[in-house]
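Undergrad: When you get a sec, could you give me coordinates for this:
(one chain, ligands or ions: 3)
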Amino acid sequence: MTSRSDISAVRAALATQAVETPSWAYGNSGTRFKVFARPGVPRTPEEKLDDAARVHAHTGVAPTVALHIPWDKVDDYGALAAYARERGVRLGTVNANVFQDDDYKLGSVCHPDAAVRRKALGHLMECVDIMDATGSRDLKLWFSDGTNYPGQDDIRARQDRLSEALAAVYERLGDDQRMLLEYKLFEPAFYATDVPDWGTAYAHCLRLGEKAQVVVDTGHHAPGTNIEFIVAILLREGKLGGFDFNSRFYADDDLMAGAADPFQLFRIMYEVIRGGGFTPDIAFMLDQCHNIEEKVPAVIRSVMNVQEATAKALLVDAEALAAAQRDGDVLAANAALMDAYNTDVRPLVAEVRAELGADADPVAAYHASGYGKRIVGERVGGEQAGWGA
Ligand code: PSV
Ligand code: MN
Ligand code: MN
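TA: Ligands and ions are numbered 1, 2, ... in the order given. Prediction:
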């Protein structure tokens, strides 16, 4: 483990951490089978920002909130950004949605019909307009495009259509804006997905240029995939734009980050740090839904899990590890990683939070604040936010 003299550097690095929380994590969500409504859930984008501001106040490391358009549609995005700022947070990544419309049954930007492709592209362009108004840096693109049956559509033609749409959006980006292209193994398409893996995303981003980057959603791989390897390669190539953190036991479960496999999260964060990626150039986002648990404390817990994994990764004694690797000492090298992973970093991150003016124990502080009860009392009437609203 890192020596005592380096602990202050670890502490300083942790104080710079920024985890973006997703607006949709505060709304109602569920599975294909049922969405469970919960009292106190936000009814408006502003109320989602109120909840996100609570998460930041308690943790000190969640300063931005990702939007999902049209779930967070408002008339005045500049005013929404100002509302966020007044509450101590900022608007972050804009997530496009070209998957919840009847027109998109056979795809969006890869659809065989040019009129549907135009409609999808129009939405993506609108998202960049919104970024201009909010000051957001990143546009996150996840496409549900794909086919269910062999022969249903031409795989190569679909790639051409995708490429054309991405190029048009890329052209529209401002100098300080980026496009983050997300891949996902399968679902909702089951035979062929148009952006199924990091290689496909990477190939498109490489063609487009440096403002196009790959985003790694931890829930979007086949079981057993070595995600940290992908992270290492993308970082090495300068093509890692960010993460959507969440946990999965089976498929795209979207459970709390660090819940199912905290060791994987540690390994990922180790590769991030090893590759010089612990910088604002990489967007560290959560992409998760809280179907049965209370939402705000679940987001708080997830942020803490990312923070703890980061602390452990920062504690790896790089010199000892490198020496063991040079010597071919397999066990010592593995032990260097495991010693850091097995460290109880909770007191360390508690101190960092306190130094940031947040809470040593954010979940306890949240419950003690009475906020959860207050929103149940106040958010009465209207329509709760949730998938599609
Ligand atoms: C759908 O799989 C998904 O979970 C993607 O990961 C997106 O990032 C997210 O929805 C929001 O659109
Ligand atoms: Mn995602
Ligand atoms: Mn997903």
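
Undergrad: in the stretch 1-150 of the chain, what residue is nearest ligand 1?
TA: At 3.9 Å from ligand 1, Trp142 is the closest residue in the stretch 1-150 of the chain, using CB to the nearest ligand atom. All C-beta atoms are positioned from the backbone trio N, CA, C, and that covers glycine.

Undergrad: wait, isn't that residue in contact with Asn95?
TA: Yes - if you go by CB atoms under 8 Å, Trp142 and Asn95 touch, sitting 7.4 Å apart.

Undergrad: Those two - which one has more neighbours?
TA: Asn95 (25 against 21; other CB atoms under 10 Å).

Undergrad: beta partners of that one?
TA: With beta bridges defined as DSSP bridges, Asn95 has these partners: His68, Lys140.

Undergrad: For burial, what's the neighbour tally of Gln177?
TA: Neighbour tally, Gln177, other CB under 10 Å: 18.

Undergrad: Surely it is in contact with Val128?
TA: Yes - counting by CB under 8 Å, Val128 is a contact partner of Gln177 at 7.0 Å.

Undergrad: Could you pull out the residues contacting both of these two?
TA: Leu139 (CB atoms under 8 Å, 6 or more residues apart in numbering).

Undergrad: who in the stretch 201-350 of the chain is up against ligand 2?
TA: Counting by CB under 5 Å from the ion, the residues of the stretch 201-350 of the chain close to ligand 2 are Asp217, Asp244, Asp287.

Undergrad: a markdown table for these, including secondary structure?
TA: Shown next, in a markdown table, are these (DSSP: H, G, I helix; E, B strand; the rest coil):
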| residue | secondary structure |
| --- | --- |
| Asp217 | strand |
| Asp244 | strand |
| Asp287 | coil |
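
Undergrad: Closest to Lys184 out of the residues you listed?
TA: Asp217 (6.6 Å; CB to CB).

Undergrad: okay, now the spatially closest residue to the closest one that is not a sequence neighbour: neighbour count?
TA: Spatial nearest neighbour of Asp217, chain neighbours left out: Asp244 (3.7 Å); criterion: CB to CB, 6 or more residues apart in numbering. For Asp244, the tally of surrounding residues (other CB under 10 Å) stands at 28.

Undergrad: Next: Met125.
TA: 14.

Undergrad: Check Gly78 too.
TA: Based on other CB under 10 Å, the number of other residues close to Gly78 is 12.

Undergrad: go on, Glu378?
TA: The number of residues packed near Glu378 is 10, by other CB under 10 Å.

Undergrad: near ligand 1, which residues of the protein show up?
TA: His68, Asn95, Trp142, Glu182, Lys184, Asp217, Asp244, Asp252, Asp287 (CB under 6 Å from any ligand atom).

Undergrad: For Tyr366, state which of those residues is nearest.
TA: Asp287 (21.3 Å).

Undergrad: who's in contact with the closest one?
TA: Going by CB under 8 Å, 6+ apart, Asp287 touches Pro22, Asp217, Gly219, Asp244, Phe245, Asn246, Asp254.

Undergrad: let's go with 7 Å and repeat that
TA: By CB atoms under 7 Å, 6 or more residues apart in numbering, Asp287 lies in contact with Pro22, Asp217, Asp244, Phe245, Asn246, Asp254.

Undergrad: I'd guessed Leu286 sits against Ala257; true?
TA: Yes - if you go by CB atoms under 7 Å, Leu286 and Ala257 touch, sitting 5.7 Å apart.

Undergrad: Check the contact lists of these two and give me the overlap.
TA: Common contact partners of Leu286 and Ala257 (CB under 7 Å, 6+ apart): Phe245, Asn246, Ser302.
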